[in-house]
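> Any chance you can model this:
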Amino acid sequence: MLPADSAPTTIDQIQNLILESADFEDFLNELARFSAHQMAGDGDDALCGITLLRERKAVTVGWSSDVAREVDEIQYSLAQGPCLTAAEEEREVHVPDLLEEDRWGPDYANAVVSFGLRSVLSLPFDLEGEAKAALNLYSEAPYKFDERAAERARGYTREVSQALRLAVRFALHADSAKNLRAAMESRTIIDIAVGVVMAQSRCSQEDAVRILTDASSNRNVKLRDIAKSLVDSVDAAGALTHFEEPGHGHGHNRAS
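Got it, this is the predicted structure:
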């Protein structure tokens, strides 16, 4: 057992979650479970959801349990609710008792109450422009989140925000790298196809590109797909076959 002065801090534990999670979605789910435990009151875990907004859309979410997931999804289906408001407007949202709540219309309140829940506290994370996110806490008891509980939740979200900000940044960079790799792979297949056409038709690179783009336009097929089709046909045939330039069909075979 670690001495009290060497016990891992919340930040240490969150950073470990980042390192140990398989992907960003897995990290958010683990963070939601960790947050539920940290925010637990009276010996019981709270229900917790985390919403991440990118380009004003709830694109990534984490939940501490299936019930938390189902309750959060009510907000996404209605496109409104305390967690979305907290994330979008970057402000704390407190619902002392859902039976007395009408800010998001009766549909939201009634749907959440049907799960036996009565109070909600949503707090924004400070991601400094990387994205917008909020922590959503639910309780079966009305007026559960008093000022003491709210202050504890505020301190927690402040503490976690930096680690979450880094995780979001890494996820954004991973997405960018993935898109870049796809673009590079697409460019490679197009370059190969250009080389094939140049060899087939004994034409310049500029003419080969024009032949491929014209074929793409005339067939209403993406350039990359045209290029892949040509390269695949060459691989299958084991030798170069002529690629027909649109409008010049005599004596040439069109790759398909």
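> In terms of residue numbering, what are the domains of this structure?
4-175, 203-237 (automatic domain parsing).
> Packed most tightly, which of these would that be?
The highest average neighbour count among the domains of the chain, using mean count of other C-beta atoms under 10 Å, belongs to domain 4-175 at a mean of 17. To be clear about C-beta, it is placed using only N, CA and C from the backbone, and glycine gets the same treatment.
> doesn't residue 214 make contact with residue 223?
No - using C-beta atoms under 8 Å, residue 223 is not in contact with residue 214, being 10.4 Å away.
> Where do the strands of the chain begin and end?
Assigned by DSSP state E, the chain shows strands spanning 47-54, 57-63, 93-95, 119-125, 132-139.
> Which stretches in the stretch 51-200 of the chain count as helices?
Using DSSP state H, counting those that start in this stretch, the helices assigned to the stretch 51-200 of the chain run over residues 66-78, 82-89, 105-113, 147-201.
> Format the ones you listed as TSV; extra columns: distance to residue 32 and mean pLDDT.
Putting the helices of the stretch 51-200 of the chain into TSV (distance: least, C-beta to C-beta, whole Å; pLDDT from 0 to 100) gives the following:
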stretch	distance to residue 32	mean pLDDT
helix 66-78	7	90
helix 82-89	12	93
helix 105-113	17	93
helix 147-201	11	80
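> Please produce TSV containing these, extended by distance to residue 127.
Output for the helices of the stretch 51-200 of the chain, formatted as TSV (distance: least, C-beta to C-beta, whole Å):
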stretch	distance to residue 127
helix 66-78	19
helix 82-89	10
helix 105-113	25
helix 147-201	5
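> The closest residue to residue 204 other than its chain neighbours and residue 87: what is the separation?
In this structure, residue 204 finds its nearest non-sequential neighbour in residue 198, 7.2 Å apart by C-beta to C-beta, 6 or more residues apart in numbering. From residue 198 across to residue 87, the span is 53 Å (C-beta to C-beta, to the nearest Å).
> again, but for residue 29
In this view, residue 29 and residue 87 are 17 Å apart by C-beta to C-beta.
> now do residue 50
Separation of residue 50 from residue 87 (C-beta to C-beta): 9 Å.
> Residues that sit against both of those two, list them.
133-134 (C-beta atoms under 8 Å, 6 or more residues apart in numbering).
> circling back to that earlier point, of all the domains of the chain, which one is nearest residue 189?
Proximity to residue 189 (C-beta to C-beta) singles out domain 203-237 among the domains of the chain, at 4.9 Å.
> centre of the chain versus that closest one, how much separation?
Distance, stretch centre to chain centre, for domain 203-237: 34 Å (C-alpha atoms, centre = their mean, to the nearest Å).
> swap in stretch 75-83?
17 Å.
> Show the end-to-end separation of that stretch, please.
End-to-end span of stretch 75-83 (C-alpha to C-alpha, to the nearest Å): 8 Å.
> any residues touching that stretch, and which ones?
49, 51, 58, 61, 72, 74, 84, 93, 95, 103-105, 107-108, 120-122, 134-136.
> Mind doing that once more with 7 Å?
49, 51, 58, 72, 74, 84, 93, 95, 104, 107-108, 120, 122, 134, 136 (C-beta atoms under 7 Å, 6 or more residues apart in numbering).
> Nice, that's everything, thank you.
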